[in-house]
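Q: My questions are about this predicted structure, shown below with the sequence.
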Amino acid sequence: MSDGTGKDALERAVDAHAPLVEAIAAGIAHEVRNPLNALQINLGILEQELTEIVPHGHRHVFEVIGKIAHELRSLDNFVTEFLRFARPPRPKLEAVAVRPLLEDLVTFMGPECARKGVSLSLALLGGPGTVVADAFQLKHAVVNLVLNALQATPDGGEIAIEAGGDEATLDVVVRDTGEGMAEDVLPRVFDAFFTTREGGTGLGLPIARRIAEAHGGSLALRSREGEGTSACLSLPAGPQVG
Ligand SMILES: Nc1ncnc2c1ncn2[C@@H]1O[C@H](COP(=O)(O)OP(=O)(O)O)[C@@H](O)[C@H]1O
Ligand SMILES: [Mg+2]
């Protein structure tokens, strides 16, 4: 197995030019996301209005509207992900109980996994019971890892979430029995916009790693093609540590 670590040039540039990136991101948030939201709302209104006046023989117009709505959703999703990457909010630190956070996550993701015939399990093997973290960001990072695992795992496969570590460090490992990654893919997975999935943004892992690092932690992936992948998110238990 090999490790997928190391920042790519784009990520280093983003770090080095934080104020500029902030300004661009603010511009995108305002000049792209706002009109995009207006487009989505207006398309919804148009669809409702047309329902009343379009005769039955012309229902294909709703397929066209559906396609536009789909593309707008993809674009909205991309812009949202991009902003999370370029302008990650400072973590709002609080004491977060690990068990309920992971249990909630499994409750939330379980049905989606079950729909694909993939089992999702949670094991609390050790580590701190509480970490000082931003609960929303921590959940978001682990959800990204579980989503990736699910996308890579066929019917009948398994995803296991394990919490471990020691008193000072929480390790959350997300392990899957999915397709794994080729050796030339693994070193690139933290590159912003690198994706092998159709419709992928290539930002899920860079965002998850940024969240880990903003908490003073790290994210590493190990994978073997045809056997599966495991992602380990490590966080210090609290600011008094390290
Ligand atoms: N659990 C996994 N199993 C196999 N490949 C993975 C896994 N997680 C990530 N990858 C690979 O890393 C790439 C980047 O992941 P990510 O940053 O989340 O972006 P996206 O999911 O939008 O492609 C994926 O396209 C895939 O090739
Ligand atoms: Mg992803």
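A: Alright, I've got the coordinates. Residues are numbered from 1 along each chain as shown. Ligands and ions are numbered 1, 2, ... in the order given.
Q: Report the central residue of this structure.
A: Centre of the chain computed as the mean C-alpha position; nearest residue by C-alpha atoms, centre = their mean is residue 144, 2.9 Å away.
Q: what's near enough to touch the closest residue to ligand 2 within the chain?
A: Using C-beta to the ion, the closest approach of the chain to ligand 2 is made by residue 204 at 2.7 Å. Using the backbone N, CA and C atoms, a C-beta is placed for each residue, glycine as well. Residue 204 makes contacts with 81, 144, 147-148, as judged by C-beta atoms under 8 Å, 6 or more residues apart in numbering.
Q: again, 7 Å this time
A: Counting by C-beta atoms under 7 Å, 6 or more residues apart in numbering, residue 204 touches 144, 147-148.
Q: which of those lies closest to residue 117?
A: Relative to residue 117, the closest of these is residue 147; by C-beta to C-beta it sits at 16.2 Å.
Q: Check the gap between the closest residue to the closest one other than its chain neighbours and residue 97 for me.
A: Spatial nearest neighbour of residue 147, chain neighbours left out: residue 204 (6.8 Å); criterion: C-beta to C-beta, 6 or more residues apart in numbering. The gap separating residue 204 from residue 97 is 25 Å, by C-beta to C-beta, to the nearest Å.
Q: mind listing the helices in this protein by residue range?
A: For the chain, the helices defined by DSSP state H occupy 9-16, 18-28, 34-53, 60-86, 98-115, 135-152, 204-214.
Q: how about a markdown table for the ones you listed, with mean pLDDT and distance to ligand 1 added?
A: What follows is the helices of the chain, written out as a markdown table (pLDDT from 0 to 100; distance: least, C-beta to the nearest ligand atom, whole Å):
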| stretch | mean pLDDT | distance to ligand 1 |
| --- | --- | --- |
| helix 9-16 | 78 | 12 |
| helix 18-28 | 84 | 18 |
| helix 34-53 | 94 | 19 |
| helix 60-86 | 91 | 8 |
| helix 98-115 | 97 | 13 |
| helix 135-152 | 97 | 3 |
| helix 204-214 | 94 | 2 |
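Q: can you redo these as a markdown table with distance to residue 186?
A: As requested, the helices of the chain are exported to a markdown table (distance: least, C-beta to C-beta, whole Å):
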| stretch | distance to residue 186 |
| --- | --- |
| helix 9-16 | 16 |
| helix 18-28 | 27 |
| helix 34-53 | 34 |
| helix 60-86 | 20 |
| helix 98-115 | 23 |
| helix 135-152 | 13 |
| helix 204-214 | 11 |
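Q: Which of the ones you listed sits closest to residue 196?
A: Closest among those, once you apply C-beta to C-beta, is helix 135-152, at 9.6 Å.
Q: Give me the residues contacting the closest one.
A: 91, 94, 96, 101, 105, 109, 112-113, 116, 118, 159, 172, 174, 176, 178-179, 197, 204-205, 207-208, 211-212, 229, 231, 233.
Q: starting at the chain centroid, how far to it?
A: Taking C-alpha atoms, centre = their mean, to the nearest Å, one finds helix 135-152 lying 5 Å from the centre of the chain it belongs to.
Q: now the angle from it to helix 204-214?
A: Using axes from the mean of the first three to the mean of the last three C-alpha atoms, to 10 degrees, the inter-axis angle of helix 135-152 relative to helix 204-214 is 150 degrees.
Q: Who is residue 233 paired with across the strands?
A: Counting by DSSP bridges, residue 233 is bridged to residue 172, residue 219.
Q: Can you check the pLDDT for it?
A: According to the prediction, residue 233 has pLDDT 98.
Q: related to what we said a few turns ago, wait, which of the helices of the chain is closest to residue 224?
A: Minimum separation from residue 224 across the helices of the chain (C-beta to C-beta) falls at helix 135-152, 12.2 Å.
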